[in-house]
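S.K.: Predicted model, plus sequence, below.
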Amino acid sequence: MNVKVNDTVVVLAGGVDTTEKTIKGRTGTVLAVDRKNNTVTVKGVKMVKKHEKARKAQQVSQIVEVEAPIDASNVMVICPACNKPTRVYHAIVDGKKVRVHGGKNGCGASLDRAYTKASKKPADKDVAAEAPKKRTRKRTAKTETPEEGKKE
């Protein structure tokens with residue numbers, strides 16, 4: 001599955017939600033990913049009403065709106081660099097497999113937060129400055145103490 005939690009996605013196809021409007025074309029952030037059922041839950045998309053029963057004497061039964069999962073094949077990741085929906089390609093960067101915006105019209109930016117073009121590695125500092133200093137013990141001249149109580 002090419003979609004991860006906190007990705008921004010656009011819905012390509014799907015049914016209707018409680019407002020009886022189609023969810024196609026809506027964008028949102030991924031809240032949950034279910035790899036077993038190949039579904040994703042997107043914030044603010046496909047809102048359904050659920051009936052909650054009061055479980056304690058102080059609680060009140062109510063009807064709540066929650067996001068329902070939609071199939072992962074019906075969403076497309078939006079590239080954070082160029083804000084366009086993209087197919088997800090994979091590349092190896094620094095020895096790790098990362099998701100990138102590729103293809104003919106791709107900008108080549110990474111879709112993973114740790115490897116985006118905007119994030120920079122810390123500048124190389126002087127190695128000697130970072131190296132820990134050796135601890136040296138200053139040797140002081142021992143003071144001569146009178147040898148008292150020494151038997152000959």
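M.R.: Yep, that arrived.
S.K.: Just the CA trace of the strand ranked longest in the chain, in PDB.
M.R.: Ordering each strand of the chain by length in residues (DSSP state E) puts strand 27-34 first. In PDB, the C-alpha atoms belonging to strand 27-34 read as follows (Å, rounded to 0.1, in the frame of the first residue of the first chain):
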ATOM      1  CA  THR A  27      -9.200  16.100  -0.100                       C
ATOM      2  CA  GLY A  28      -8.200  15.300   3.400                       C
ATOM      3  CA  THR A  29      -5.500  13.900   5.700                       C
ATOM      4  CA  VAL A  30      -5.300  10.100   6.300                       C
ATOM      5  CA  LEU A  31      -6.200   9.200   9.800                       C
ATOM      6  CA  ALA A  32      -5.900   5.400   9.700                       C
ATOM      7  CA  VAL A  33      -4.700   2.700   7.300                       C
ATOM      8  CA  ASP A  34      -6.000  -0.800   7.400                       C
END
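S.K.: Give me the contact list for that strand.
M.R.: 1, 3-11, 39-45, 67, 69, 72, 75, 78 (C-beta atoms under 8 Å, 6 or more residues apart in numbering). For the C-beta atoms, the positions are set from N, CA and C on the backbone; glycine is no exception.
S.K.: Kindly give a single PyMOL line that selects the buried subset of these.
M.R.: Those of these that count as buried under 16 or more other C-beta atoms under 10 Å are selected in PyMOL with:
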select buried, resi 3+7+8+9+10+11+39+40+41+42+45+67+69+72+75+78
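S.K.: sorry, back to before: distance from the longest strand of the chain to the middle of the chain?
M.R.: Relative to its parent chain, strand 27-34 has a centroid offset of 12 Å by C-alpha atoms, centre = their mean, to the nearest Å.
S.K.: got the buried residues for that strand?
M.R.: Across strand 27-34, burial judged by 16+ other C-beta under 10 Å covers 27-28, 30, 33.
S.K.: Can you lay out these as JSON lines showing distance to residue 52 and pLDDT?
M.R.: Conversion of those to JSON lines gives the following (distance: C-beta to C-beta, whole Å; pLDDT from 0 to 100):
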{"residue": "27", "distance to residue 52": "28", "pLDDT": "91"}
{"residue": "28", "distance to residue 52": "23", "pLDDT": "92"}
{"residue": "30", "distance to residue 52": "24", "pLDDT": "93"}
{"residue": "33", "distance to residue 52": "25", "pLDDT": "94"}
